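A.B. asks: Sequence and predicted structure, then a few things I'm wondering about:
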Amino acid sequence: MSDPALETLMLPLETGAVDIEPGARALFLRARAGRALEVLKDADLTCVQSFAPDRDALEKSGFKVADEAPDGPYGTVLVLPARQRQEARAQLAQAVASAAEGGFVVACAPNTEGAKTVEKDLSDLVGRVDKLTKNKCRAVWGQVRGEAVNKTLLEEWCALDSPRKVLDGTYLSRPGLFAWDRIDPASQLLSGLLPETLKGRGADLGAGFGYLAKSVLEKAPKVAAMDLYEAEKRALDLAEENLSAFKGTKAMRAIWCDVTKGIEGTYDFIVSNPPFHQAGKADRADVGQGFIRAAAGGLRSGGEFYMVANRHLPYERTLSAVFADVIQLADEGGYKVIRAVKARGGR
């Protein structure tokens, strides 16, 4: 699959504008797998990726992957900045802080997702930068020289995506996570419709920073255990913190994985607000459909699945294919809430 931003990011290396010696240490923040990485085959490359599907793809391709950046310095640091401004600035600052004196930072973003801003931000950090445009993306790179680095800005931006209290101190969150500083209205709608009679062992697929799981545990006292499944480790770590008050009284696990590849079981109930975007703005109904199939596979016979989704997303056919009983509980504010029951005998 084509990845224009990744391919454009590698062009300064392919053209020799940024030179990497064989065996030299290189760091790739928010890395993604792709054939374009062939240019780095001789480098001592560490890929940093906290999003499970991209982590899995990198590991499958044979790359060394970490969820956080190991200590530097690195001669070359590459980064595909996030779309969220604070997170992107923190990533650029981390790239500069990880680079060796005289090393290079290379960044790239699509023109429609803040490429000009990335260029300006990197320039503000390191001084002069070079650039090239291709594939409707812009790659920018600059050399890290101590006297030119804006150290005040570097320190300020490194802290931009640090965890902090939100929603009057009720939750710990950080920029870049889904609905990071608010309660998503779809999740809130689903939370209000969950029955107090839920019991046994449950799971939250796509747990985010823990809002739905916390709602379940506060509302349904007979729930004995709750597993949190989340692809983004930055969110999962915070979900554990946000649910720490229940540890010792409820069995709980945090599972960092791609839910669409399947989940463990067997659960009495599952709740979910499946994501429908990944690495872009286009709707991804296949992700939610993968969540639905995973839920069906992880439930016991007669187990219940409660999900919320944007009204227009085509999930009904998938639900009907893997569940015996599918009921729409609400259609409100552009969202639909659905309860599905797995057939006795394990359909």
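C.D. replies: Great, that's in hand. Numbering: from 1, shown residues only.

A.B. asks: For the rest of this, base every contact and every neighbour count on C-alpha atoms.
C.D. replies: Noted.

A.B. asks: partners of the helix or strand hosting Val140, with directions?
C.D. replies: Using DSSP states H and E, Val140 sits in strand 137-143. Next to strand 137-143 in the sheet, as set by DSSP bridges, lie strand 99-110 (antiparallel), strand 130-134 (antiparallel).

A.B. asks: how far is the shortest one from where the chain is centred?
C.D. replies: Okay, so that is strand 130-134. On the basis of Cα atoms, centre = their mean, to the nearest Å, strand 130-134 sits 27 Å off its chain's mean C-alpha point.

A.B. asks: and for that strand, what are the contacting residues?
C.D. replies: Strand 130-134 is contacted by residues Thr8, Glu119, Arg138, Ala139, Val140, Trp141, Gly142 when judged by Cα atoms under 8 Å, 6 or more residues apart in numbering.

A.B. asks: which of the residues you listed has the most neighbours?
C.D. replies: Most neighbours among the contacts of strand 130-134, by other Cα atoms under 10 Å: Ala139, with 28 neighbours.

A.B. asks: Leaving out sequence neighbours, find the closest residue to that residue.
C.D. replies: The shortest distance from Ala139 to any non-neighbouring residue, by Cα to Cα, 6 or more residues apart in numbering, is to Cys108 (4.2 Å).

A.B. asks: Including mean pLDDT, distance to Val326 and mean neighbour count, could the strands paired with strand 137-143 go into CSV?
C.D. replies: Shown next, in CSV, are the strands paired with strand 137-143 (pLDDT from 0 to 100; distance: least, Cα to Cα, whole Å; neighbours: other Cα atoms under 10 Å):
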stretch, mean pLDDT, distance to Val326, mean neighbour count
strand 99-110, 98, 40, 24
strand 130-134, 97, 47, 15
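
A.B. asks: export these to CSV and tack on distance to Val39?
C.D. replies: Output for those, formatted as CSV (distance: least, Cα to Cα, whole Å):
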stretch, distance to Val39
strand 99-110, 14
strand 130-134, 17
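
A.B. asks: Indicate which one of those strands is closest to Ala213.
C.D. replies: strand 99-110 (34.2 Å; Cα to Cα).

A.B. asks: who touches that closest one?
C.D. replies: By Cα under 8 Å, 6+ apart, strand 99-110 touches 4-6, 8-9, 18, 72-81, 92, 95-96, 115, 118, 136-146.

A.B. asks: CA atoms of it as PDB?
C.D. replies: The C-alpha trace of strand 99-110 is given here as PDB (Å, rounded to 0.1, in the frame of the first residue of the first chain):
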ATOM      1  CA  ALA A  99      19.800  14.200  17.800                       C
ATOM      2  CA  ALA A 100      23.600  14.400  18.200                       C
ATOM      3  CA  GLU A 101      25.500  17.600  17.800                       C
ATOM      4  CA  GLY A 102      25.700  18.100  14.000                       C
ATOM      5  CA  GLY A 103      23.000  15.400  13.400                       C
ATOM      6  CA  PHE A 104      20.000  15.800  11.200                       C
ATOM      7  CA  VAL A 105      16.300  15.900  12.000                       C
ATOM      8  CA  VAL A 106      14.000  15.000   9.000                       C
ATOM      9  CA  ALA A 107      10.200  15.400   9.200                       C
ATOM     10  CA  CYS A 108       7.400  15.100   6.700                       C
ATOM     11  CA  ALA A 109       3.700  15.700   6.500                       C
ATOM     12  CA  PRO A 110       1.000  15.800   3.800                       C
END
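
A.B. asks: Remind me what the helix or strand containing Leu189 packs against, helices and strands.
C.D. replies: Using DSSP H and E, Leu189 maps to helix 185-193. Here helix 185-193 touches helix 211-219, strand 299-310, strand 335-341, going by 3 or more Cα pairs under 8 Å, 6 or more residues apart in numbering; DSSP states H and E.

A.B. asks: just to revisit the earlier point, just the buried residues of the contacts of strand 99-110.
C.D. replies: 4-6, 8-9, 18, 73-81, 92, 95-96, 115, 118, 137-145 (16 or more other Cα atoms under 10 Å).

A.B. asks: Leu153: which of the strands paired with strand 137-143 is closest?
C.D. replies: Closest to Leu153 of the strands paired with strand 137-143 is strand 99-110 (Cα to Cα; 15.9 Å).

A.B. asks: Show me where the stretch 51-200 of the chain has its strands.
C.D. replies: Listed in chain order, the strands of the stretch 51-200 of the chain (DSSP state E, counting those that start in this stretch) span 64-66, 74-79, 99-110, 130-134, 137-143, 164-166, 171-173, 200-205.

A.B. asks: is it possible to export these to JSON lines including distance to Pro221?
C.D. replies: As requested, the strands of the stretch 51-200 of the chain are exported to JSON lines (distance: least, Cα to Cα, whole Å):
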{"stretch": "strand 64-66", "distance to Pro221": "38"}
{"stretch": "strand 74-79", "distance to Pro221": "45"}
{"stretch": "strand 99-110", "distance to Pro221": "47"}
{"stretch": "strand 130-134", "distance to Pro221": "56"}
{"stretch": "strand 137-143", "distance to Pro221": "51"}
{"stretch": "strand 164-166", "distance to Pro221": "26"}
{"stretch": "strand 171-173", "distance to Pro221": "21"}
{"stretch": "strand 200-205", "distance to Pro221": "10"}
